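> Please find the sequence and the predicted model below.
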Amino acid sequence: MPAALTVFRVFLLLAASPGIEKHFVRLLKGARDWWSGKKIAVIGPTASGKDSFLARLQNREIPEVHSNSPMGEKVRSFRVKLTLSNHQVIDITCKGVINIGGETDYRDAPSGWLSVCADADVVFYVMTVNDLSKKRYLKGRRIRQDLDWLQTAMPHLKPGALIHILINKIDEEIESHIDYRSLAEELAEELGALNTTVKNVLHPYESSYTGATLISMKNKQIYTRAVNDALRSVYSAFHGTVKRKKVE
């Protein structure tokens with residue numbers, strides 16, 4: 001699906017976070033070192049793509065049929081090899097990654113999302129591009145309820161824990177359009193609205209939010225580019241926060 005990768009690159013050109021590419025070379029080694037040994041948690045609604053994300057990280061085939069994990073599923077530590085740029089391969093050790101059920105009753109249970117996220121360095125929240133276009137991040141809707149939960153959970157997370165959103169199934173959106181640039185501009189606007197909402201909801205912990213990345217677990221080309229950008233975005237945000245604190 002070459003068109004999918006094309007529109008994805010157009011989107012990145014239009015909506016890339018300010019400063020990421022400018023500081024990329026300087027941050028490359030830092031990002032590699034920082035991510036080594038980090039523990040991540042993966043949460044999000046049912047059928048958003050959590051299982052597929054974990055499969056991709058482990059270089060396994062993504063599940064053909066969705067299966068829920070209502071009681072939680074601990075995934076053994078594994079190494080991730082990724083190429084950030086210029087064919088430079090980095091090794092990231094993900095420890096204690098946990099995949100859990102996405103229903104709200106499990107989210108709010110004492111042994112639910114909080115027990116999964118409590119000692120994670122980075123929490124990846126997985127939603128879908130349909131959640132984005134349908135504005136399910138607005139008050140009273142499912143994604144917004146999860147964001148509200150994150151806000152209340154922040155004081156109980158590991159000090160310095162970061163939050164990054166992965167917006168899955170961008171390939172399905174691309175397949176239903178022919179005007180790719182128009183789609184990219186539309187997505188950029190929707191993503192801007194989401195980012196504003198997330199920062200407002202997470203206040204006063206908005207500095208822990210490192211942004212949102214469009215991704216496709218199904219399309220390997222898009223996944224590879226997107227996960228690289230997500231990892232750089234997380235470290236770039238961390239780097240910027242540390243720099244601001246030193247100035248202050």
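Noted; the coordinates are in hand.

> For the rest of this, base every contact and every neighbour count on C-alpha atoms.
Fine.

> how about the helices in this protein?
Taking DSSP state H, the helices of the chain run over residues 2-15, 24-35, 50-57, 104-108, 113-117, 129-133, 142-153, 170-175, 180-202, 220-247.

> Those helices: which one's closest to Val42?
Among those, the nearest to Val42 by CA to CA is helix 50-57 (6.5 Å).

> And for the closest one, what's in contact with it?
Residues from elsewhere that reach helix 50-57 (CA atoms under 8 Å, 6 or more residues apart in numbering): Val42, Ile43, Gly44, Glu61, Ile62, Pro63, His66, Val80, Asn99, Val126, Met217, Lys218.

> Centre of the chain to that helix, how far?
Centre-to-centre, helix 50-57 and its host chain are 12 Å apart (CA atoms, centre = their mean, to the nearest Å).

> Same check on stretch 127-147?
15 Å.

> where in this protein is pLDDT low?
For the chain, the stretches with pLDDT under 70 are 1-29, 65-75, 82-90, 93, 95-102, 180, 240-248.

> any chance of the helices of the chain in JSON lines, plus mean neighbour count and distance to Thr213?
Output for those, formatted as JSON lines (neighbours: other CA atoms under 10 Å; distance: least, CA to CA, whole Å):
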{"stretch": "helix 2-15", "mean neighbour count": "17", "distance to Thr213": "9"}
{"stretch": "helix 24-35", "mean neighbour count": "16", "distance to Thr213": "17"}
{"stretch": "helix 50-57", "mean neighbour count": "21", "distance to Thr213": "13"}
{"stretch": "helix 104-108", "mean neighbour count": "16", "distance to Thr213": "23"}
{"stretch": "helix 113-117", "mean neighbour count": "22", "distance to Thr213": "20"}
{"stretch": "helix 129-133", "mean neighbour count": "18", "distance to Thr213": "10"}
{"stretch": "helix 142-153", "mean neighbour count": "18", "distance to Thr213": "16"}
{"stretch": "helix 170-175", "mean neighbour count": "18", "distance to Thr213": "10"}
{"stretch": "helix 180-202", "mean neighbour count": "17", "distance to Thr213": "9"}
{"stretch": "helix 220-247", "mean neighbour count": "17", "distance to Thr213": "6"}
